[in-house]
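K.L.:
when you get a sec, could you give me coordinates for this:
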Amino acid sequence: MSLPEDVIEEILSRLPVLSLIRFTSVCKSWKMIIKNPTFVSKHHQTIASTEGSETLLINRRDNATNKRIVSLLRKEGKDAFALDQDLPTFFNNMFNHVRLIGPCNGIVCLYGYPDNIALWNPSIRDFKILPISKIPRSSKVLGGDIGLGFDSETRDLKVIQILFCGSVNRVEIYSLKTNSWRKYEGVLPADIMYNNLWSMVYKNEIFCWLAQDISKIDVILSFDMMNEIFQITQLPPLISTNDVFRGITRAIMPLKQSSIGLIVYPIKDSDKVFDVWIANELGGNTDLWCKIASIGPISSVERPLALWENDEFVLENSRGELVMYNCSNREIKNLGFYGKRSRLEVLVYKESLFTVSKIYTNL
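P.N.:
Sure, this is the predicted structure:
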C-alpha cells in the first residue's frame, strides 16, 4: 500500500540530509519532493527545532603539516564522532587564512580578506565564490570584516562587508539573488575592532559584532538584513572599556533560546571563571542584560569558542586543544582536535538542503 504524498513528505522532513541525498536516487517522486523549495524550508525548520540536532563545525590548521582541516563533530548518545569535510577544490588556493562566519540557514560564509569571500553549505557540499565588488574605492583597503544574514521579506541571503579604509570605513552589501554588490549609503555608528574574532548571526536576520562607539566604549554593533539598518546595543553596566586594562575580556556567541550570549572572563588567569550574560533583544540600554551563570573555575583554558546543546561549554586550552566542559557535572573532556594556538574556530551548526550555487529560490 502506498502512502499519501503529505505523509511521505512529513517522514522525509525528519531525516538527516545525507539520507535525503541518497533517497533522491530511490524514485522520481521522492526526488521531486526533496528538491522542492517548500520542502527544503520545512526540512530546515524541523531539523532546527529538533533536540540534539546541533553539530560543531571546527576549523583549524594542523601543527605539523600546516594543512587546513574542517571537521563536523556530531554527538550520538554520550559519544562524539568527527568527520573531516571534503573542502571545495578552490579552498586552499583561494584562502591563506580563513574565518568561518555564520551559519545562516545551514550556509557558512568563508572569509579570507576583503573581496576574498565564498558561501558554502557543508551539508550538501555546495559552494559559490562571490564576485569581486566593482564599486570604486577612493582609498586603500587595509582590512575588513564581514556579516551574513537572511532577508525574509525578499527571501534573499545577504553578505555585508565592512572595509577598513584608514580613518573612514565603508560598507558594501552583496545579494545572492542578484549576485552583485552595492554601496551602503547609511551611517556606520561604531567601529569594529581590528582583528575582531567575536561576531554572530542573531535570529537569522541580524548580524552582530563586538565594536566601539565614537566614545571608545565597547558595544554590540548589529545590522538588520531586512531593514538594512545598523544599531548599537550597550553592554551590561559593570562591563566597561576599563576592564581590558584589568585583563578582563569578553566574547559574544549565540545561545539556544535565540538569545545573545556575552561571555566575560579574565584572560590572564590560569583558573578562569566565565560570567554568562544574556539579552533577548537588541538596540536598548544596559537594562536588556541579565547575568545567568558563572562557569568555573576551569584550569588551563585560554578562551571560549561555543556553547553547545544545553550545558556544554567548548573552549581552547593552553596547548591549542579543543576541550568541552560539562556545566552540570563539571567534568572536562578533550575532544581530540588540536591546531595552531588561537586559530581554532568553532561554529554551532545545523544542516540544511539550501543551495547557493544555483538560482536562489529555495529560501
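K.L.:
tell me which stretches of the protein form helices.
P.N.:
Per DSSP state H, the chain carries helices over the ranges 5-12, 17-23, 28-35, 37-48, 91-94.
K.L.:
so which of those is the most packed in?
P.N.:
helix 37-48 (a mean of 18; mean count of other C-beta atoms under 10 Å). Heads up, the C-betas are built off the backbone N, CA and C, glycines and all.
K.L.:
give me the distance from that one to the chain's centre.
P.N.:
Relative to the centre of its chain, helix 37-48 is centred 19 Å away, using C-alpha atoms, centre = their mean, to the nearest Å.
K.L.:
reformat the helices of the chain as a markdown table; add distance to Lys75 and mean pLDDT.
P.N.:
A markdown table is the format used below for the helices of the chain (distance: least, C-beta to C-beta, whole Å; pLDDT from 0 to 100):
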| stretch | distance to Lys75 | mean pLDDT |
| --- | --- | --- |
| helix 5-12 | 23 | 84 |
| helix 17-23 | 16 | 87 |
| helix 28-35 | 25 | 88 |
| helix 37-48 | 15 | 87 |
| helix 91-94 | 26 | 64 |
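K.L.:
below-threshold pLDDT in the stretch 251-363 of the chain: ranges please.
P.N.:
For the stretch 251-363 of the chain, applying pLDDT under 70 flags the ranges 256-257, 286, 358-363.
K.L.:
how near is Trp120 to Ser19?
P.N.:
Distance from Trp120 to Ser19, counting by C-beta to C-beta, to the nearest Å: 21 Å.
K.L.:
could you do Lys340 as well?
P.N.:
Taking C-beta to C-beta, one finds Lys340 at 35 Å from Ser19.
K.L.:
Glu312 too?
P.N.:
Using C-beta to C-beta, we find Glu312 at a distance of 26 Å from Ser19.
K.L.:
re earlier: of the helices of the chain, which is nearest Asn59?
P.N.:
helix 91-94 (10.9 Å; C-beta to C-beta).
K.L.:
and for the spatially closest residue to Ile132 that is not a sequence neighbour, the neighbour number?
P.N.:
Excluding the flanking residues, the one nearest Ile132 by C-beta to C-beta, 6 or more residues apart in numbering is Asp115, at 4.7 Å. For Asp115, the count of nearby residues is 15 (other C-beta atoms under 10 Å).
K.L.:
how about Asp115, what does it touch?
P.N.:
With contact taken as C-beta atoms under 8 Å, 6 or more residues apart in numbering, Asp115 is in contact with 132-133, 161.
K.L.:
same check, this time on Glu302
P.N.:
By C-beta under 8 Å, 6+ apart, the neighbours of Glu302 are 315-318, 341-342.
K.L.:
who wins for most neighbours among these?
P.N.:
Leu315 (26 neighbours).
K.L.:
surely it touches Leu307?
P.N.:
No: the criterion here is C-beta atoms under 8 Å, and Leu315 misses it with Leu307 at 10.4 Å.
K.L.:
okay, now the unreliable bits of the stretch 1-150 of the chain?
P.N.:
Applying pLDDT under 70 to the stretch 1-150 of the chain flags residues 1, 77-79, 88-96.
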